[in-house]
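Novice: sequence first, then the predicted structure, then my questions.
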Amino acid sequence: MASINLVNPGYFAVLRIPLLQGRVRNETENHDGAHVAVINRTLAQRYFPNGDAIGHAVKLRRTAPLRFYPRQT
């Protein structure tokens, strides 16, 4: 089961989560609603076993309504 978490571009730096490849989306992409995703190693190895996932597309099927949670302060 996959989950989608919407985070701001500073999320990974704050939590000291290193990116293994690629980059985090920037504020312009965030504002413009660009189709950019950060995936974890497990998903990358499962669906892109012969190379990296950079530049590829992932199609998600929504089986349940999206839920939005209030921002934590």
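Specialist: Thanks, I have the structure now.
Novice: what's the weakest-modelled helix or strand in this structure?
Specialist: helix 27-32 (a mean of 72; mean pLDDT, DSSP states H and E).
Novice: average pLDDT for the helix or strand that comes right after it?
Specialist: Per DSSP states H and E, the first helix or strand lying C-terminal to helix 27-32 is helix 41-47. Throughout helix 41-47, pLDDT has a mean value of 86.
Novice: how far does helix 41-47 sit from its chain's centre?
Specialist: Its chain's C-alpha centre and that of helix 41-47 lie 13 Å apart, by CA atoms, centre = their mean, to the nearest Å.
Novice: what of stretch 21-34?
Specialist: The answer for stretch 21-34 is 10 Å, by CA atoms, centre = their mean.
Novice: same check on stretch 37-54?
Specialist: 11 Å.
Novice: for it, list the C-alpha coordinates in CSV.
Specialist: Provided in CSV are the C-alpha atoms of stretch 37-54 (Å, rounded to 0.1, in the frame of the first residue of the first chain):
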residue,chain,number,x,y,z
ALA,A,37,7.7,13.4,-7.0
VAL,A,38,10.3,12.1,-4.5
ILE,A,39,10.1,8.3,-4.1
ASN,A,40,11.7,6.1,-1.6
ARG,A,41,14.3,3.4,-2.3
THR,A,42,11.9,0.5,-2.0
LEU,A,43,9.6,2.0,-4.8
ALA,A,44,12.5,2.8,-7.0
GLN,A,45,14.0,-0.7,-6.7
ARG,A,46,10.7,-2.4,-7.3
TYR,A,47,9.5,-0.4,-10.3
PHE,A,48,12.8,0.7,-11.8
PRO,A,49,15.2,-2.3,-11.1
ASN,A,50,17.4,-1.7,-14.1
GLY,A,51,18.3,1.9,-13.4
ASP,A,52,17.2,5.1,-11.8
ALA,A,53,13.7,6.5,-11.8
ILE,A,54,14.8,10.1,-12.8
